[in-house]
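Engineer: need coordinates for the following:
(chains A and B)
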2 protein chains.
Amino acid sequence: MKTVTIGVDIGGTSTKYGLVDMEGNILAEGAIPTQEHADIHLFLKDLNANIQHAIRSVTIPIDIKGLGVGAPNGNYYKGTIEDAPNLRWPGIIPIVDLFRQFFDMPIALTNDANAAAIGEMVYGGARDLKDFIVITLGTGLGSGIVVNGHLIYGHDGFAGEIGHTRVSRNGRMCGCGRKGCLETYVSATGIKRTVFELLAKSNAASELREISYENLTAKMITDAADNGDPLALEAFEFTGKILGFALADSVAYTSPKAIFLFGGLALAGDYIFKPTRKHFEKNLFSVYKNKISILPSGLTKKSAAVLGASALICNELNLSTVSTY
Amino acid sequence: MKTVTIGVDIGGTSTKYGLVDMEGNILAEGAIPTQEHADIHLFLKDLNANIQHAIRSVTIPIDIKGLGVGAPNGNYYKGTIEDAPNLRWPGIIPIVDLFRQFFDMPIALTNDANAAAIGEMVYGGARDLKDFIVITLGTGLGSGIVVNGHLIYGHDGFAGEIGHTRVSRNGRMCGCGRKGCLETYVSATGIKRTVFELLAKSNAASELREISYENLTAKMITDAADNGDPLALEAFEFTGKILGFALADSVAYTSPKAIFLFGGLALAGDYIFKPTRKHFEKNLFSVYKNKISILPSGLTKKSAAVLGASALICNELNLSTVSTY
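Structural biologist: Predicted coordinates for the structure are as follows:
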């Protein structure tokens, strides 16, 4: 009998699920569109049907121990999704209670960045670390902070919002209603804004001048950098500078051994890591110098988010895992 | 037989010690000058003689369970004081090992701000809290961060240096060699610098124009504010604005239920608390609004630092304490 957990990652576009064994292997997986159902109950009914189908598709005997969910604005303490701007269900959704109607097993919820951090700890690059931070670079900038082997939730379950610490008092307008938040500079959207700022400021030729704001992606900026586009390279340098400076401050809170960068923008490799590391080290308080690594996430497969959600429930239940990742 | 611990606070000027019972009462206490001995061994011999004398002065039967030490740059993991700028012993001092020559009992060390945070948890205003931050406002700005009932030490014992997060990239020169650290604005020294900046910028009459930089103290600025001195009031407003803004960022790391201000500058009461609370609330990320308190430390007696050091070892030994503070 193979011990498994179910990992569910509710994203703005699609919801992914998978059956994960204790070595981090995915025995079955799938995805449904998140936004198809305005009614959360219909969404969950659909999701459950798909997960049940996945369970039946596994041909070896399995023992399902629990279900972990990662979701934007997921609150670990309350089991709720609260006012998630990228989901179409408004207000406070008691998502864990709703899941219980279908799954008679332990269920845990946290936000997607926290799930990524626990995934890093259980299956990724932080398996031997007790103090680290995971920064997720997607549309926004999420973060999960682990201290002494435990994820920080804070008094209300909303700890770890480094994307909403401020880089400058009168900086770019953020979706949160304030100005200058880190994620307005460092994220897929942030670097896009930087590209457009540079396009406006400089006269340099750039292949990115052909592309509209709506159509520009972080991948296109990386491709342009690969082609030696100076404006794309400058955008990465600027983004890394801001991130390095900000992370130097982050360290002063929890003194992590490593900081992992996860998500689309982190796939740009040296373009983002080199300036980030340079400005990080340069700006560190002396006691932290030369001892903290900035690393790519060890979870690089497409199913990383599902693994993170699954790792969450493994962690809750103290299941013993061995990563073969 | 009364259970007690010994608390020792090594400060830049004087080293205070006390015998503390489980209710936070100090049965005997005293102080010696810290800087008299260039040789740390002579200092400790002197300190030990004084502590033994204090022990003999207690007339009821006592059972001494352990000794806690708070010291600048004290490293909890290593039991060392490392390159403390305000002490005359250079390099790395294995202070816990040195204490062991005199005291055959459990000994724990941490920095003074961390000791203040544990003191707040054991005897002060954070007795019912699991997530809070203590900011100590002295010559510099220290901090102790408690998450889920445990002080954060980080991978190297140096977590919690909020005073060295940066307010601005090209701000005031800090003793740490960098620019714009929070403590260059928010501390006894920081507000002094602000007063001198305002004296230079404005033409307003102020009683503070009579005082040299070397002679000016935070207490004098408070007294001037009490007299309605507009420049002193403006200095507090500016200091609180910077602190409020910075603490709004701090919250995004650990989501504390409360932030306590401890030390000289915190005694200025509303002058510092009002602008701090105003700018804190104004700058908070929406999920944190209207649920986090900024409070004066519950440890207001002169012996607060000794209580903090004593609380450290109580906490290590899981001694059950009842505050009558």
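Engineer: and the helix or strand that A:G244 is a member of, average pLDDT?
Structural biologist: For A:G244, the host element (DSSP states H and E) is helix A:230-254. Averaged across helix A:230-254, pLDDT comes to 97.
Engineer: then stretch A:153-167?
Structural biologist: Rounded mean pLDDT across stretch A:153-167 is 95.
Engineer: before we move on, back to that, remind me what the helix holding A:G244 packs against, helices and strands.
Structural biologist: Applying 3 or more C-beta pairs under 8 Å, 6 or more residues apart in numbering or on different chains; DSSP states H and E, we find helix A:230-254 packed against strand A:132-137, strand A:141-147, helix A:188-201, helix A:218-226, strand A:258-262, helix A:270-283, helix B:230-254. (Glycine included, C-beta is placed from N, CA and C.)
Engineer: turn the ones you listed into TSV, columns for mean neighbour count and distance to B:D112.
Structural biologist: Listed next are these as TSV, based on neighbours: other C-beta atoms under 10 Å in any protein chain shown; distance: least, C-beta to C-beta, whole Å:
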stretch	mean neighbour count	distance to B:D112
strand A:132-137	29	26
strand A:141-147	28	21
helix A:188-201	19	38
helix A:218-226	19	45
strand A:258-262	24	28
helix A:270-283	19	25
helix B:230-254	23	19
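Engineer: what residues are up against whatever residue of the stretch 1-150 of chain A ends up closest to chain B?
Structural biologist: The nearest approach of the stretch 1-150 of chain A to chain B comes at A:D131, 4.1 Å away (C-beta to the nearest C-beta). By C-beta atoms under 8 Å, 6 or more residues apart in numbering or on different chains, the contact list for A:D131 reads A:146-148, A:254-257, B:154-155, B:159.
Engineer: setting aside sequence neighbours, what's the nearest residue to it?
Structural biologist: Among residues not flanking A:D131 along the chain, B:H155 sits closest, at 4.1 Å (C-beta to C-beta, 6 or more residues apart in numbering or on different chains).
Engineer: and what of A:M173?
Structural biologist: For A:M173, the spatially nearest residue (C-beta to C-beta, 6+ apart) is A:K179, at 5.9 Å.
Engineer: can you list phi and psi of the one you found for me?
Structural biologist: When read as degrees, to the nearest 10, the backbone of A:K179 gives phi -120, psi 150.
Engineer: just checking, it touches A:V167?
Structural biologist: No: at 9.6 Å, A:K179 does not count as touching A:V167 under the criterion of C-beta atoms under 8 Å.
Engineer: from B:G154, how far off is the residue of the stretch 1-150 of chain A closest to chain B?
Structural biologist: Remark: distance between A:D131 and B:G154 (C-beta to C-beta, to the nearest Å) = 5 Å.
Engineer: likewise A:A205?
Structural biologist: Using C-beta to C-beta, A:A205 is found at 47 Å from B:G154.
Engineer: okay, these two: which has more neighbours?
Structural biologist: Just comparing A:A205 and B:G154: by other C-beta atoms under 10 Å in any protein chain shown the higher neighbour count belongs to B:G154, 25 against 10.
Engineer: correct me if wrong: the more buried one contacts A:V147.
Structural biologist: Yes: between B:G154 and A:V147 there is a contact under C-beta under 8 Å: 7.4 Å.
Engineer: identify the contacts common to these two.
Structural biologist: A:131, A:254.
Engineer: what's the first helix or strand after the host helix or strand of A:I6?
Structural biologist: Applying DSSP H and E as the criterion places A:I6 in strand A:2-10. Using DSSP H and E, the helix or strand that follows strand A:2-10 in sequence is strand A:14-21.
Engineer: so what strands line up beside that next one?
Structural biologist: strand A:2-10 (antiparallel), strand A:26-33 (antiparallel) (DSSP bridges).
Engineer: so which of these gets nearest A:L87?
Structural biologist: strand A:2-10 (7.3 Å; C-beta to C-beta).
Engineer: send me the closest one as PDB with only the CA atoms.
Structural biologist: The C-alpha coordinates for strand A:2-10 follow below in PDB (Å, rounded to 0.1, in the frame of the first residue of the first chain):
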ATOM      1  CA  LYS A   2       1.600   3.300  -1.100                       C
ATOM      2  CA  THR A   3       1.100   6.300   1.100                       C
ATOM      3  CA  VAL A   4       0.000   9.300  -0.900                       C
ATOM      4  CA  THR A   5      -1.500  12.800  -0.400                       C
ATOM      5  CA  ILE A   6      -3.600  15.000  -2.700                       C
ATOM      6  CA  GLY A   7      -2.100  18.400  -3.700                       C
ATOM      7  CA  VAL A   8      -4.400  21.100  -5.100                       C
ATOM      8  CA  ASP A   9      -3.100  24.400  -6.400                       C
ATOM      9  CA  ILE A  10      -5.900  26.900  -7.100                       C
END
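Engineer: can you mark which positions in it are buried?
Structural biologist: A:3-10 (16 or more other C-beta atoms under 10 Å in any protein chain shown).
Engineer: which one is whichever residue of the stretch 101-250 of chain A sits closest to chain B nearest to, not counting chain neighbours?
Structural biologist: Scanning the stretch 101-250 of chain A for the residue nearest chain B gives A:G154, at 2.4 Å (criterion: C-beta to the nearest C-beta). Distances taken as C-beta to C-beta, 6+ apart put B:S255 closest to A:G154, at 2.4 Å, once the chain neighbours are dropped.
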